[in-house]
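Trainee: Here is my input; please provide its structure:
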Amino acid sequence: METDERRGAASAEGFTEVSRGLWVEEPAKRYRMPDAVRTAAVRAVIIAAVTLIQAMIAFLSTLAGSWLAFPMVLSSVASTVVATWGVLDVWVTRQVWNQRNGVVSVPSSTARQLRRERRRARRAARAAARGADQGGARIRRGARPEGGAGAPEAGPQEAGPAGAGAQEAGAATPLRAPASV
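Mentor: Numbering: from 1, shown residues only. Predicted structure coming up:
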């Protein structure tokens with residue numbers, strides 16, 4: 001059995017056109033770096049390359065006894081400091097991105113707090129939309145039907161959270177008459 005036959009294609013004698021793509025895409029093993037981190041990394045590589053070129057020029061001009069040696073040595077030292085800053089910038093940018101976008105899953109993560117706030121805002125918006133759909137008639141937990149046995153009359157209980165707190169503190173709360181519709 002020939003190789004083509006084992007693959008399920010026709011042998012060389014009975015060759016038929018096999019359509020294959022030019023390449024097969026494989027999923028990436030590692031995810032792409034975030035834009036901010038990639039920008040900082042490119043900047044750091046360019047700065048490091050310029051620093052190495054300056055150091056090489058300083059070395060060669062020192063060997064040649066050129067007047068350019070001293071200025072190039074000074075600029076190489078300054079460039080080394082800047083290249084160190086560039087590498088630290090990549091590291092800090094990566095850490096900040098991870099913190100803001102929730103890659104680091106620790107209790108102190110800022111991203112976790114931001115997600116929690118967004119969730120609360122969505123829930124509040126949904127609750128407001130539900131309240132508008134029902135015309136504001138919400139059934140509270142533990143509420144008794146109006147007019148039923150043991151239904152309380154309008155009193156301090158309906159004053160809301162502020163009225164309840166004031167009542168507990170011993171302050172007198174005014175009684176409101178039931179709203180007639």
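Trainee: Going by C-alpha atoms from here, please, whenever you check contacts or count neighbours.
Mentor: OK.
Trainee: For the longest helix belonging to the chain, which helices and strands make contact with it?
Mentor: What stands out as the longest helix in the chain, according to DSSP state H, is helix 69-101. Applying 3 or more CA pairs under 8 Å, 6 or more residues apart in numbering; DSSP states H and E, one finds that helix 69-101 contacts helix 35-64, helix 110-133.
Trainee: so for the shortest one, what's the average pLDDT?
Mentor: The pLDDT scores in helix 110-133 average 86.
Trainee: tell me the angle that helix makes with helix 69-101.
Mentor: 40 degrees (axes from the mean of the first three to the mean of the last three CA atoms, to 10 degrees).
Trainee: before we move on, back to that, check the helices and strands packed on helix 69-101 for me and report the most buried one.
Mentor: Comparing these by mean neighbour count (mean count of other CA atoms under 10 Å), helix 35-64 comes out on top with a mean of 16.
Trainee: Okay, angle between it and helix 69-101 too, please.
Mentor: With the same axes, to 10 degrees as the basis, helix 35-64 and helix 69-101 are set at 170 degrees to each other.
Trainee: Quick one: mean pLDDT for helix 35-64?
Mentor: Per-residue scores along helix 35-64 average to 95.
Trainee: Give the other helices and strands that it contacts.
Mentor: Judged by 3+ CA pairs under 8 Å, 6+ apart, helix 35-64 is in contact with helix 69-101.
Trainee: Format the helices and strands packed on helix 69-101 as a markdown table; extra columns: distance to residue 79.
Mentor: Below are the helices and strands packed on helix 69-101 laid out as a markdown table (distance: least, CA to CA, whole Å):
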| stretch | distance to residue 79 |
| --- | --- |
| helix 35-64 | 5 |
| helix 110-133 | 35 |
